[in-house]
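In: A predicted structure for the sequence below; I have some questions about it.
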Amino acid sequence: KKKINKKKTKKKKKKKKKNFFFFINNARGGVPPPPPPRFSFIEYTKPSITRNSYLATIHFHFEKRNYLCQMDQNANKTVLILGANSDVAKQCIKQYIEKGLSVIAASRNTRSLEDFVSENNLDQTKIAVLSFDAADFNSHQKFYDQLPVKPHIVVYAAGFLVDNERALADFSGAKQMMEVNYMGAVSILSIIAMDQSNKHLERMVGLSSLSGVRGRKSNFVYGSTKAAFTQYLAGLRQELASRKIIVNALVIGYIRTKINDGLQLNESLIMEPDYVAGYIVNARNSFTIVPNFKWKMIYHILRLLPEGLVAKLP
């Protein structure tokens, strides 16, 4: 009985499973393979120099092939950026050119754009700078007809902001916000969208704001222009769905740009222009795009809050 009990109490030794990398490392004499070469267009969060090197190498070649394929596909595509002098739009110019697309940058201040192109050593064969005034509605049709190439992607980044108290006291400031943020967008985007001859138009992106989600006493005049713009984009998306043209609305929070200079904003919520530009350049099929998970939470909370609580917000 004692012998039988001893046999039962004996623990079975578990054999360690030899994985794929064990045999590879043994074949190489136990030496881990070298890390894969690094290129500027691939970002490694953790450079692989251990047993994951083989997977990293496979992943690298796969990403490299995809990147080169995208470069070939984008070689003949053109992006029209309206209001290209904004900080976010300038970062979009850089990122679109890095992806191999050509850019038509349109703004009132063409001199500033030309300086930006030369300072950043951008490929001047890939970018054309044109004059465009969002508030000059009568010039929009002529501007579009004279474009050197009809665009595949259109980004409306023009914006204007004045203090809420000033907008209430002086209608000229409120009027300029309406003209730039909403009326100018409706004018030029409708002209582009209704051009049936442009068969390769595939995407239209508009930069809206979280201020347009709910009316708040701190900035409801500005917020009303952005709310109207978001609703226009929502209807335009439905209108263009039959032609398989995607319309995106970027609902953005605080950005470190010149339009927000002098405002007392929460530093932890401020986003950088290049970060927001990445969401524009890599936009997919969703209509509403909210960069940064903090702002996504704020966006959903604002939509669901009762009116009484919204009125108490700072």
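Out: Yep, that arrived.
In: from here on, just use CA atoms for contacts and neighbour counts.
Out: Fine.
In: how about the helices of the protein, start to end?
Out: 2-9, 20-27, 53-74, 87-98, 110-119, 140-145, 164-169, 171-178, 184-193, 220-240, 273-281, 293-304, 307-311 (DSSP state H).
In: okay if I get those as JSON lines plus mean neighbour count?
Out: JSON lines is the format used below for those (neighbours: other C-alpha atoms under 10 Å):
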{"stretch": "helix 2-9", "mean neighbour count": "9"}
{"stretch": "helix 20-27", "mean neighbour count": "13"}
{"stretch": "helix 53-74", "mean neighbour count": "14"}
{"stretch": "helix 87-98", "mean neighbour count": "21"}
{"stretch": "helix 110-119", "mean neighbour count": "14"}
{"stretch": "helix 140-145", "mean neighbour count": "14"}
{"stretch": "helix 164-169", "mean neighbour count": "14"}
{"stretch": "helix 171-178", "mean neighbour count": "18"}
{"stretch": "helix 184-193", "mean neighbour count": "19"}
{"stretch": "helix 220-240", "mean neighbour count": "20"}
{"stretch": "helix 273-281", "mean neighbour count": "19"}
{"stretch": "helix 293-304", "mean neighbour count": "14"}
{"stretch": "helix 307-311", "mean neighbour count": "12"}
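In: among these, which comes closest to His200?
Out: helix 184-193 (11.4 Å; C-alpha to C-alpha).
In: counting contacts, what elements does the closest one pack onto?
Out: Helix 184-193 makes packing contacts with helix 140-145, helix 220-240 when contacts are defined by 3 or more C-alpha pairs under 8 Å, 6 or more residues apart in numbering; DSSP states H and E.
In: okay, now Gln124: neighbour count?
Out: 13 (other C-alpha atoms under 10 Å).
In: for it, which non-adjacent residue is closest in space?
Out: Val117 (7.5 Å; C-alpha to C-alpha, 6 or more residues apart in numbering).
In: cool, and Phe116?
Out: Lys90 is the one closest to Phe116 (C-alpha to C-alpha, 6+ apart), at 7.9 Å.
In: if we can go back for a sec, looking at the helices of the chain, which is nearest to Ser131?
Out: Among the helices of the chain, helix 110-119 sits nearest to Ser131 (C-alpha to C-alpha), with 6.1 Å.
In: contacts only, for Asp140.
Out: For residue 140 the amino acid is His, not Asp. Phe132, Ala134, Ser187, Ile188, Ile191 (C-alpha atoms under 8 Å, 6 or more residues apart in numbering).
In: just grab the bridge partners of the closest residue to Ala128 other than its chain neighbours for me.
Out: Nearest non-adjacent residue to Ala128, counting by C-alpha to C-alpha, 6+ apart: Ile104, 4.8 Å away. Beta-bridge partners of Ile104, counted by DSSP bridges, are Leu80, Ala128.
In: got a pLDDT number for Ile104?
Out: Predicted confidence (pLDDT) for Ile104: 96.
In: Val79 now?
Out: 96.
In: in this protein, what secondary structure element scores lowest on mean pLDDT?
Out: Taking mean pLDDT, DSSP states H and E as the measure, the helix or strand of the chain with the lowest value is helix 20-27, at a mean of 50.
In: can you give me the offset of stretch 159-176 from its chain's centre?
Out: 27 Å (C-alpha atoms, centre = their mean, to the nearest Å).
In: let me redo that: stretch 100-107
Out: That offset, for stretch 100-107, works out to 16 Å (C-alpha atoms, centre = their mean).
In: so what touches it?
Out: Contacts for stretch 100-107 (C-alpha under 8 Å, 6+ apart): 71-72, 74-85, 93, 96-97, 113, 126-133.
In: same thing but 6 Å
Out: 71, 74-75, 77-85, 126-132 (C-alpha atoms under 6 Å, 6 or more residues apart in numbering).
In: narrow these to just the buried residues.
Out: 74, 77-85, 126-130, 132 (16 or more other C-alpha atoms under 10 Å).
In: which one of these is nearest Lys217?
Out: Gly83 (27.6 Å).
In: related to what we said a few turns ago, looking at the residue nearest to Gln124 now. What's its pLDDT?
Out: 92.
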